[in-house]
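Enquirer: sequence first, predicted coordinates after that:
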Amino acid sequence: MRQILLLALFVFLCGCGEDKTLEDYLQESRSQLDAGDFPAARIELRNALQIDPHSAAARYLLGTIHFNTDDNADAVKELRRAETYGWPRDETQPMLARALLNQGKFEQVLELHGEDLQPVSAGRLLAVQVLAALLTGDPELAQAMHDRAREKAPDDIEVRLLSARMAALRGKLEKGLEGVASVLDGSPNHPEALRLRAHILLRQNRLEEARESFSRAIEAAQIEFADRVARATINIRLGQFDAVAEDLNEVLKVAPGHPSVKYIAGLMSFRDGRNRDAIGNLDDALPAVSKYPMMLFYLGLSHLLDGDPDMAQKYAREFVELAPESIQGRRLLALLLLQNEQYEEVEA
């Protein structure tokens, strides 16, 4: 009888546990986001969506996570769902525009409209559309949108950085750096300005300065995934592999399956002589091959060292087609062609 009573008490106490509400899950997801713990935030949002799949807040937060982990296609889906379910367009439209721009969907960026947005949101949307207009070869439209953005939100830093972005996009890198410097004079720790400075320095092959700027952006930013990925790739080029491992550990916590993360993991596996791991990681990184063409070179080498010259030649050939100026790539392909007695191609 005593055991039955204890069992009944246990069941009663378990039944009295406080059920979490939708708002509880949303609040916990926000706390996890503030702490930079994206995987934990995703779990809370999945729980929230189990309660209400039409929750605009959950869709918006999920879209934010996708955007900040460079998963732009899913970010677009969730941000559009958030709008459909009633989330303010002032918060969705600028981010939606950037996610579309990151995918190269320039026409879709230009189709967005911000007539109903508050001045700062409208200015930020226009700032993204300026870049889309430049990338579609319409400098007159870009200039007109630039002027409208400055009218809408002249004091917003993202709008103030627009001239620097335009200069950099046109190849005027020093002018771009000057524009960023004018912003950093007043806001020395602004992550977006530091990030833009780093990317311009990277285009100038000023690797150590770019790394330092990314490091400052990481310290200043709440969300640092893309900056850590960029810094890791710079440290690979500089041979600073302990620093690469540190950033790799951090981004693995956030998005272990992301192609950029797989690329870094693949290069580290190759360096450590783990060719099978390198092949697995680099295969998973292939969706980002246009961003990191060197992955084809390392896939070729990894397959060669793993005893598969046919696959090695396949990837070496793809690399040379994508990066014909690479001496490393042509040397690797020539070596593989020589093994297969394809002498005419070797000579070329």
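Expert: Alright, I've got the coordinates. Fair warning: this is a prediction, and the values are worked out from it, not measured in the lab.
Enquirer: spatially nearest residue to the residue nearest to the spatial centre of the chain (excluding sequence neighbours)?
Expert: Geometric centre of the chain, nearest residue: D70, 2.9 Å, by C-alpha atoms, centre = their mean. Sequence neighbours aside, A226 is the residue nearest to D70 in space, at 5.8 Å (criterion: C-beta to C-beta, 6 or more residues apart in numbering). C-beta here means a position set from N, CA and C on the backbone, and glycine is covered the same way.
Enquirer: tell me how far the one you found lies from L126.
Expert: Distance, A226 to L126, by C-beta to C-beta, to the nearest Å: 23 Å.
Enquirer: for the residue nearest to the centre of the chain, list the residues it contacts.
Expert: Each residue near D70 by C-beta atoms under 8 Å, 6 or more residues apart in numbering is listed here: 102, 225-226, 229, 255, 258, 260.
Enquirer: swap in D71?
Expert: Per C-beta under 8 Å, 6+ apart, neighbours of D71: 255, 258.
Enquirer: ditto for L33
Expert: Contacts of L33 (C-beta under 8 Å, 6+ apart): 41, 61, 64-65.
Enquirer: same question for A265.
Expert: With C-beta under 8 Å, 6+ apart, A265 has these contacts: 248, 252, 277, 281.
Enquirer: so how far is stretch 318-335 off the chain centroid?
Expert: In terms of C-alpha atoms, centre = their mean, to the nearest Å, the gap separating the centre of stretch 318-335 from the centre of its chain is 27 Å.
Enquirer: and stretch 226-240, by the same measure?
Expert: Worked out by C-alpha atoms, centre = their mean, stretch 226-240 lies 14 Å from the chain centre.
Enquirer: also stretch 288-300?
Expert: 17 Å.
Enquirer: ok, and for that stretch, which residues are buried?
Expert: For stretch 288-300, burial by neighbour count (16 or more other C-beta atoms under 10 Å) applies to 288-289, 292-300.
Enquirer: and A57, how far from L112?
Expert: 22 Å.
Enquirer: and which of the contacts of D70 is nearest R237?
Expert: Nearest to R237 among those: V229, at 13.5 Å, using C-beta to C-beta.
Enquirer: and that closest one, which helix or strand is it part of?
Expert: Assigning secondary structure by DSSP states H and E places V229 in helix 225-238.
Enquirer: and after that helix, which helix or strand comes next?
Expert: That would be, after helix 225-238 and using DSSP H and E, helix 241-254.
Enquirer: quick check: mean pLDDT of that next one?
Expert: For helix 241-254, mean pLDDT rounds to 94.
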